[in-house]
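J.: I need the structure of the sequence given here:
(one chain, ligands or ions: 2)
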Amino acid sequence: MTRSVTVRVPAKVNVQLAVGGLRPDGFHDLANVFLAVGLYDEVTATPADELRITCAGPGAAEVPLDATNLAARAATALARRHGRTPAVHLHIAKDIPVAGGMAGGSADAAGALVACDALWGTGASREELLEICAELGSDVPFSLVGEAALGRGRGELLEPLPVGGTFHWVFAVADGGLSTPAVYAECDRLREAAGTGATTADVPDPEPSPALLSALRSGDATALAAALSNDLQPAALSLRPSLAATLEAGTRAGALAALVSGSGPTTAFLVADAEQADRVAAALRASGTCRTVRTTTSPAPGARVCEPATAH
Ligand SMILES: C[C@](O)(CO)[C@H](O)COP(=O)(O)OP(=O)(O)OC[C@H]1O[C@@H](n2ccc(N)nc2=O)[C@H](O)[C@@H]1O
Ligand SMILES: Nc1ncnc2c1ncn2[C@@H]1O[C@H](COP(=O)(O)OP(=O)(O)OP(=O)(O)O)[C@@H](O)[C@H]1O
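T.: Ligands and ions are numbered 1, 2, ... in the order given. This next block holds a predicted model:
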């Protein structure tokens, strides 16, 4: 009997990304307001003789299929804790832009954990899953929980946030990716160059914006647009100056606000409703400043089994 388990996991946009100083361990303390959006990867786990990763979908060619794949690392971590071998085939149906600042790899890690836990009957607690997520990467715990959350520490310490309505988004996917460590390093370099210093001794502790949290709570898109911020945006623009033209094209088309998504290079446009999303998306496509355009809404649920384990 071959059983398989499929888990659907959302992408994220950071509606606030306040970056503190560089810590001795190489990470930065954050006030990271995550919002899950309705673009999803699906991870399917099927028993196999040994760990095997396959991937299909846009950008699949750039996804590593060896032990460095975050989904493979997740399965291995769970198996090790429970004294078993990760004998599983993980298939990733990829729809989240690769290296796009939308936590695609993190989504696959969270998806693999939930899928393997269900397939193997491990019965890991939520706390254990969150602990493994945090070991795998700063964004991975949020991929597990979804919806909206404030991430403190390096982004792994989560506090759920209430969201009072549906927000509409357009995402412009750029050609090629940006390396997350390179974008953080560029942020430090820009701070040093500005003479402010880049360490925790130099940079004020990052704090969530009360206006932003209030806009999320009330579901007010205009108020959220006024409060969006991303401290990594200057660094992403410095490494990829062409993103300025994309931000400008979406703003000119009437978006309420435009910003770089996380470490980029995907750009995010908050719009009033589905009609405005279609208009902004059409203008971005016509601008020739990006590879593809996606429209979606938020919030979205975290990693969820989307098919019961089936017997064939
Ligand atoms: C930019 C964001 O996507 C915003 O949510 C995240 O902060 C990045 O999270 P992630 O991709 O899961 O990153 P990790 O795999 O944990 O870390 C990759 C690298 O990014 C840098 N990094 C990451 C998180 C953080 N709080 N400070 C950092 O400086 C470090 O150089 C680290 O070695
Ligand atoms: N399952 C995976 N899917 C995509 N990339 C992966 C995966 N596993 C490892 N990687 C590696 O991670 C790199 C970053 O990919 P990812 O799509 O997670 O970036 P990202 O969305 O910018 O991440 P984040 O927003 O969390 O910083 C890729 O270039 C790839 O080499």
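
J.: Downstream of the helix or strand containing Asp41, the next helix or strand is which one?
T.: Following DSSP states H and E, the helix or strand that holds Asp41 is strand 28-47. Along the chain past strand 28-47, the next helix or strand (assigned with DSSP H and E) turns out to be strand 52-56.

J.: residues contacting Val140?
T.: Leu70, Ala74, Ser106, Ala109, Ala110, Cys133, Ala134, Glu156 (C-beta atoms under 8 Å, 6 or more residues apart in numbering). Where you see a C-beta, it was placed from the backbone N, CA and C, and this is true even at glycine.

J.: can I assume the fifth one is in contact with Cys133?
T.: Yes: in this structure, Ala110 is within contact of Cys133 by C-beta atoms under 8 Å, at 6.1 Å.

J.: Overlap in contacts, those two.
T.: Going by C-beta under 8 Å, 6+ apart, residues that sit against Ala110 and also against Cys133 are Val140, Pro141, Ser143, Leu144.

J.: Please, which helix or strand holds the second one?
T.: According to DSSP H and E, Pro141 maps onto helix 140-145.

J.: who does whichever helix or strand comes after that helix pair up with?
T.: Remark: after helix 140-145, the chain's next helix or strand is strand 148-152, criterion DSSP H and E. Strand 148-152 pairs in its sheet with strand 28-47 (antiparallel), strand 157-160 (antiparallel), by DSSP bridges.

J.: The residue of the chain found nearest ligand 2 - nearest residue in space that isn't next to it in sequence?
T.: Residue nearest to ligand 2 within the chain: Gly105 (2.6 Å; C-beta to the nearest ligand atom). Take Gly105 and drop its neighbours on the chain: the residue closest to it by C-beta to C-beta, 6 or more residues apart in numbering is Leu70, 4.3 Å away.

J.: Any part of the longest helix along the chain near ligand 1?
T.: Counting by DSSP state H, the longest helix found in the chain is helix 104-120. Yes: interface with ligand 1: helix 104-120 contributes Ser106 (C-beta under 6 Å from any ligand atom).

J.: Put the alpha carbons of the next helix or strand after that helix into PDB.
T.: Next helix or strand after helix 104-120 toward the C-terminus (DSSP H and E): helix 126-136. What follows is helix 126-136, C-alpha atoms only, in PDB (Å, rounded to 0.1, in the frame of the first residue of the first chain):
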ATOM      1  CA  ARG A 126       3.200  22.000  17.600                       C
ATOM      2  CA  GLU A 127       6.000  23.200  19.900                       C
ATOM      3  CA  GLU A 128       8.400  20.500  18.500                       C
ATOM      4  CA  LEU A 129       7.500  21.400  14.900                       C
ATOM      5  CA  LEU A 130       8.100  25.100  15.600                       C
ATOM      6  CA  GLU A 131      11.400  24.300  17.200                       C
ATOM      7  CA  ILE A 132      12.600  22.300  14.100                       C
ATOM      8  CA  CYS A 133      11.300  25.100  11.900                       C
ATOM      9  CA  ALA A 134      13.400  27.700  13.800                       C
ATOM     10  CA  GLU A 135      16.500  25.500  13.400                       C
ATOM     11  CA  LEU A 136      15.900  25.300   9.600                       C
END
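
J.: Point out the other helices and strands that helix 126-136 packs with.
T.: Packing contacts for helix 126-136, counted by 3 or more C-beta pairs under 8 Å, 6 or more residues apart in numbering; DSSP states H and E, involve helix 70-81, helix 104-120, helix 140-145.

J.: Now do the contacts for the residue of the chain closest to ligand 2.
T.: By C-beta under 8 Å, 6+ apart, the neighbours of Gly105 are Asn69, Leu70, Val98, Gly137.

J.: so Trp169 sits in a strand?
T.: Yes: assignment of Trp169 by DSSP: H, G, I helix; E, B strand; the rest coil places it within a strand.
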